[in-house]
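> Take a look and give me a structure for this.
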Amino acid sequence: MTDMDFRGAINRIMPDVQGGSNEPFIVYRDGHGGWHGDHTQNQYGEQYDWVNGAKEKDPFAVEFKGEDFANGSFPYVYDTVLCNRLRVEYFAAKFSDEDDVRLPAFLSFFAENTGSFSHTVMDYLTTLERPLAVLAEMCPFNMNTEHEGWSYDEGLAQDAISRIENAVSDRLHIHVEMLISEMQAPGEYKELNRISINDSDIILSENPDAENRYMVVENRYTSYYNNSGDNNIFTGHTNDYLEAISEFTKRVQYNIDCVQSRRDSRKRSAGVEHIELKSGDCLPGSGDADFTGKLIIVKANELKPEYSSAENQLVLCSHGNGARPNAIGTSVFGEELFSGDTVCYGRHQIQGIADETKLPQWATIKLALLEEMKEPGENELFRYNEPPQKGKTQAEPKPSKPSMLGKLDENKRKVERDKAEKTGKPAPNKRGSYEHSD
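Take a look at the predicted model:
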């Protein structure tokens, strides 16, 4: 019914990855922006005729074998394919008049920090013809470094991530309500069924008078128009109800698989179980306390069902009028303990201060690491130095730098605070909006 998005292309090659296949395949975009993940050879080892044409249409197409990923998870394959496309883009620019001296540092910065970016940013980059160039465009910093042995200025990494997240957020301005409003206009399609999962609404609608009676739509909450003028709303029309309901359920199952894949990956890498925290996991009477500098728990019923678990509920509160009891404002700002994502809630959405004796094991380990890495004489919870990454050499001791759970410098705090208080947006995609009065 339509071309796949990048996630669909990766999902298509996952059987090869999980089976360790040595059969080559190519991941590429067609002339309409649709993604494909296809085998390049027939059973005799001969390359298909269409492959060269696909490479001409997409000069950043990348080729792999399933065994190249060593049975890696969906997120690992997603990140690896995208990073390789950016690498191809860099070398293409290097040997053309479009070379930018900043691109090598941005390439290294992105490759080492893919796990720090939100799914929204990563998905946005997959819609762009030249994502590496756009990364450099969105970030006001020059990531080049004078430190010997450093591939990019790591002291600017957290600020760069924040600026890129904000820039992408500003670009994503089309919301699902606009589409639904158009669908429900007189004489047009009427909604029959809708399921919300994985930051998407999958909608089945009907118009008995239309040439194609049924329409299936998948709309991410942060959809947008890309450079070509097309939007990322998945749309398909058919006159066959069985075909429509099949496409509807296929899109639902795909998004379920994405959520499950993330859960499985977190469980394997950090021992994160899907556990819902309740009022009994808070210190008694802490719902009326000052949350500033505390580990707080977001009410499970304030999150979408697929996100109502501890890794999304535990937040290190940093500031906000709502953090203080009886204040005029209601906003509570902080960072998720697990992901480090900057979040914003209303005070009414907070259950209370977490009882650290009842935390899941992964959260206890994280807090212990924060305490261990805390600088001498520092009483706050929000700054620590990350241990060296495995296999990464250091030419000289590096200055202390904020981690994803680190204390942000004053300039970054001000940028994020001003943006959040101006827009009134909570953290992307995981919960519904609310009105705040800071």
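> quick one: secondary structure of the spatially closest residue to residue 111 that is not a sequence neighbour?
Using C-beta to C-beta, 6 or more residues apart in numbering and skipping the chain neighbours, the partner closest in space to residue 111 is residue 83 (4.8 Å). Where C-beta positions appear, they are placed from N, C-alpha and C, glycine not excepted. Here residue 83 is recorded as helix under DSSP: H, G, I helix; E, B strand; the rest coil.
> ok, residue 83 touching residue 109?
No. Counting by C-beta atoms under 8 Å, residue 83 sits too far from residue 109 to count as a contact (11.2 Å).
> what pLDDT does residue 402 get?
The model reports residue 402 with a pLDDT of 38.
> same question, the one 3 residues further on
According to the predicted model, the pLDDT of residue 405 comes to 38.
> repeat for residue 225
28.
> what about the residue nearest to residue 111, how many neighbours?
Residues lying near residue 83 (other C-beta atoms under 10 Å) number 17.
> show me the contacts for it.
110-111, 114 (C-beta atoms under 8 Å, 6 or more residues apart in numbering).
> ranges for the strands of the protein?
24-29, 35-39, 62-65, 190-197, 200-206, 214-220, 234-238, 295-298, 314-319, 331-336, 342-346, 350-353 (DSSP state E).
> what comes up buried for the third one?
Of the residues in strand 62-65, those scored as buried under the neighbour-count criterion (16 or more other C-beta atoms under 10 Å) are 62, 64.
> what helices or strands is it leaning on?
On a contact count with 3 or more C-beta pairs under 8 Å, 6 or more residues apart in numbering; DSSP states H and E, strand 62-65 meets strand 24-29, helix 74-94.
> Next: the last one.
Strand 350-353 makes packing contacts with strand 295-298 when contacts are defined by 3+ C-beta pairs under 8 Å, 6+ apart.
> okay, the helices and strands packed on strand 62-65, which one's buried deepest?
Among those, strand 24-29 has the highest mean neighbour count (mean count of other C-beta atoms under 10 Å), at a mean of 21.
> and it, which strands flank it?
Strand pairing for strand 24-29, using DSSP bridges, gives strand 35-39 (antiparallel), strand 62-65 (antiparallel).
> That one relative to helix 74-94, how many degrees between them?
On the basis of axes from the mean of the first three to the mean of the last three C-alpha atoms, to 10 degrees, strand 24-29 is oriented at 70 degrees to helix 74-94.
> Can you name the residues in contact with strand 24-29?
Applying C-beta under 8 Å, 6+ apart, the external contacts of strand 24-29 come out as 9-10, 13, 16, 35-41, 51, 54-55, 57-58, 61-66, 81, 85.
> Residue 125 is in contact with residue 82, correct?
Yes. Using C-beta under 8 Å, residue 82 is in contact with residue 125, at 6.7 Å.
> Please enumerate the shared neighbours of those two.
residue 131.
> got the strands paired with strand 24-29 as TSV, with mean pLDDT and distance to residue 192 columns?
Formatted as TSV, the strands paired with strand 24-29 follow (pLDDT from 0 to 100; distance: least, C-beta to C-beta, whole Å):
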stretch	mean pLDDT	distance to residue 192
strand 35-39	92	28
strand 62-65	94	39
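> Run through this protein and note the low-pLDDT ranges.
1-3, 97-100, 172-187, 220-235, 374-438 (pLDDT under 70).
> can you do 50?
Applying pLDDT under 50 to the chain picks out residues 1-2, 173-176, 186, 222-232, 379-429, 432-438.
> per-domain residue ranges of this structure.
Listed by automatic domain parsing, the domain ranges of the chain are 6-171, 176-270, 279-385.
> My read is that residue 48 contacts residue 42, right?
Yes. Using C-beta under 8 Å, residue 48 makes contact with residue 42 at a distance of 6.6 Å.
> Just want the most central residue of the protein.
Centroid check for the chain by C-alpha atoms, centre = their mean gives residue 119 as the closest residue, at 1.3 Å.
> I'd say that residue and residue 165 touch.
No. Judged on C-beta under 8 Å, residue 119 makes no contact with residue 165 at a distance of 11.3 Å.
> Show me where the stretch 251-400 of the chain has its helices.
310-313, 361-372 (DSSP state H, counting those that start in this stretch).
> Against which helices or strands is the shortest one packed?
In other words, helix 310-313. When contacts are defined as 3+ C-beta pairs under 8 Å, 6+ apart, helix 310-313 sits against strand 295-298.
> Contacts made by the strand it packs on with the rest, please.
By C-beta under 8 Å, 6+ apart, the list of residues contacting strand 295-298 reads 277, 281-282, 312-317, 332, 334, 337, 345, 349-354, 356, 367, 381, 431.
> Residue 240 is nearest to which of the helices and strands packed on strand 62-65?
strand 24-29 (28.6 Å; C-beta to C-beta).
> so how far is the closest one off the chain centroid?
Put simply, strand 24-29 sits 23 Å off its chain's centre (C-alpha atoms, centre = their mean, to the nearest Å).
> same deal with stretch 109-127?
Counting by C-alpha atoms, centre = their mean, stretch 109-127 is centred 7 Å from the centre of its parent chain.
> Do me a favour and get the end-to-end distance for that stretch?
Terminal residues of stretch 109-127 lie 20 Å apart, using C-alpha to C-alpha, to the nearest Å.
> Buried residues in that stretch, which are they?
By 16+ other C-beta under 10 Å, the buried positions in stretch 109-127 come out as 109-114, 116-127.
> Check stretch 101-109 too.
102-109.
> what does stretch 27-38 give?
27-29, 33-37.
> One more: stretch 269-286?
Buried residues in stretch 269-286 (16+ other C-beta under 10 Å): 272, 275, 277, 281-283, 286.
> which of these lies closest to residue 76?
Each of the buried residues of stretch 269-286 was scored against residue 76 by C-beta to C-beta, and residue 272 proved nearest at 16.4 Å.
> quick one: contacts for the closest one?
Contacts of residue 272 by C-beta under 8 Å, 6+ apart are 263, 266, 310-311, 338, 360, 362.
> And residue 288, how close does it get to residue 206?
50 Å (C-beta to C-beta, to the nearest Å).
> Out of these two, name the residue with the larger neighbour count.
Just comparing residue 288 and residue 206: by other C-beta under 10 Å the higher neighbour count belongs to residue 206, 15 against 9.
> Who does the more buried one form a beta bridge with?
If you apply DSSP bridges, the partners that residue 206 bridges to are residue 190, residue 214.
> Hmm, it is touching residue 189, no?
Yes. In terms of C-beta under 8 Å, residue 206 counts as a neighbour of residue 189; the distance is 6.3 Å.
> Need the residues touching each of those two.
residue 215.
> Kindly provide the distance from residue 15 to residue 205.
32 Å.
> Counting neighbours around each, name which of those two comes out higher.
Just comparing residue 15 and residue 205: by other C-beta under 10 Å the higher neighbour count belongs to residue 205, 22 against 10.
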